[in-house]
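Student: dropping the sequence and predicted coords here.
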Protein chains: 2
Amino acid sequence: MVAVEDKVFKALADSSRRELLDRLHTKGGLTLGELCEGHDMSRQAVTKHLVLLEAANLVVSVKQGREKLHYLNPVPINEIYMRWIGKFERQRVHALFNLKQALKEKE
Amino acid sequence: MVAVEDKVFKALADSSRRELLDRLHTKGGLTLGELCEGHDMSRQAVTKHLVLLEAANLVVSVKQGREKLHYLNPVPINEIYMRWIGKFERQRVHALFNLKQALKEKE
DNA sequence: TTGACATGCAACTAAATGGTTGCATATTGT
DNA sequence: ACAATATGCAACCATTTAGTTGCATGTCAA
């Protein structure tokens, strides 16, 4: 069952899917219809993306009547992080990130 | 220049490339030849993977004579993490991760 | 210098991927 | 009931991608 990990990365490989995750990070519980808004691709394309995201466990959904509500699941992302960032690196890398942020805000 | 982010995710999408990252996380400074060992794919295939990983800035390399030494760069991974894990989630998710680890060790 | 070693580049192939269109199903409100 | 709304499924197409093979270049050591 190494497959689940592979699904996560494959799912994250597409920019449309990443954008969907961004939207769900900002606001959870969106329906398929809502997630389609502001894209130039068809509803069916979005459906396919959501199927992959759910298979990867990056998105969880609940059916409510004829609607389907979608939520972001942060767990798999955390596992990626833990995989390649050792305990020491974590501090350095966080410091670097914060520095970058601070500089960005000064612009 | 949205391309750089895309390269990171595309690079991570392949399991052979992730394995290369694992090897470099365990031990930095490996040559192409060393990275080829224990794979069933050709040297040229590995080269191609490394090109992508370097383009994504996930791997940095230094030429030394006729050899090329490779190192893992943790910065892009951290940025993925920061993107989809909000400040509160970070705590919960870490706690969950640690719990899982503890349970795994008890087996 | 010359052979062995380490890496680089290019053309080609098979499979995976992202997108489309068309039709089917299920739920809601009047 | 029935029309509008929300989602699901399947076949098909173009492009990308991971891998190969073959040859070229560059560096070291005897």
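Tutor: Happy to help now that I have it.
Student: phi and psi next, for A:Met41.
Tutor: The phi and psi values for A:Met41, taken as degrees, to the nearest 10, are phi -100, psi 170.
Student: surely it meets A:Asp14?
Tutor: No - using CB atoms under 8 Å, A:Met41 is not in contact with A:Asp14; the gap is 11.2 Å. C-beta coordinates here come from the backbone N, C-alpha and C atoms, glycine included.
Student: of these two, who's got more company?
Tutor: Set A:Met41 next to A:Asp14 and count neighbours by other CB atoms under 10 Å in any protein chain shown: A:Asp14 wins out with 17 against 11.
Student: quick check, that one in contact with A:His49.
Tutor: Yes - A:Asp14 lies in contact with A:His49 (CB under 8 Å); the separation is 7.0 Å.
Student: count the residues that sit near the nearest residue to A:Gly86 once chain neighbours are set aside.
Tutor: Spatially, and ignoring its direct neighbours in sequence, A:Gly86 is nearest to B:His25 (7.3 Å; CB to CB, 6 or more residues apart in numbering or on different chains). Residues contacting B:His25 under the criterion other CB under 10 Å number 17.
Student: quick one, what contacts B:His25?
Tutor: A:Arg83, A:Trp84, A:Gly86, B:Leu72 (CB atoms under 8 Å, 6 or more residues apart in numbering or on different chains).
Student: quick check: longest helix of chain A.
Tutor: helix A:87-106 (DSSP state H).
Student: state the distance from the residue in chain A that DNA strand C sits nearest to to B:Asp6.
Tutor: As assessed by CB to the nearest atom of the strand, DNA strand C sits closest to A:Gly65 within chain A, at 2.2 Å. Look at A:Gly65 and B:Asp6: by CB to CB, to the nearest Å, they are 37 Å apart.
Student: compare those two (neighbour count), which wins?
Tutor: Comparing A:Gly65 with B:Asp6 by other CB under 10 Å, the one with more neighbours is B:Asp6, at 14 against 5.
Student: what kind of secondary structure is the residue lying closest to A:Glu54 once chain neighbours are set aside in?
Tutor: Nearest residue to A:Glu54, sequence neighbours excluded (CB to CB, 6+ apart): A:Ser61, at 6.2 Å. Taken by DSSP: H, G, I helix; E, B strand; the rest coil, the conformation at A:Ser61 corresponds to strand.
Student: least trustworthy helix or strand in chain A by mean pLDDT?
Tutor: Across the helices and strands of chain A, the lowest-confidence element by mean pLDDT, DSSP states H and E is helix A:87-106, at a mean of 75.
Student: can you list the buried residues in that one?
Tutor: For helix A:87-106, burial by neighbour count (16 or more other CB atoms under 10 Å in any protein chain shown) applies to A:Glu89, A:Val93.
Student: residue numbers of chain A in contact with chain B?
Tutor: Neighbours of chain B within chain A, by CB under 8 Å from any CB of the partner chain: A:2, A:6, A:9-10, A:12-15, A:18, A:21-22, A:25, A:72, A:74-75, A:77-86, A:89, A:93-94, A:96-97.
Student: one more pass at 6 Å, please.
Tutor: A:6, A:9-10, A:12-13, A:15, A:21, A:25, A:74, A:77-78, A:81, A:84-85, A:89, A:93, A:97 (CB under 6 Å from any CB of the partner chain).
Student: count the neighbours of A:Ile77 for me.
Tutor: Neighbours of A:Ile77 (other CB under 10 Å): 23.
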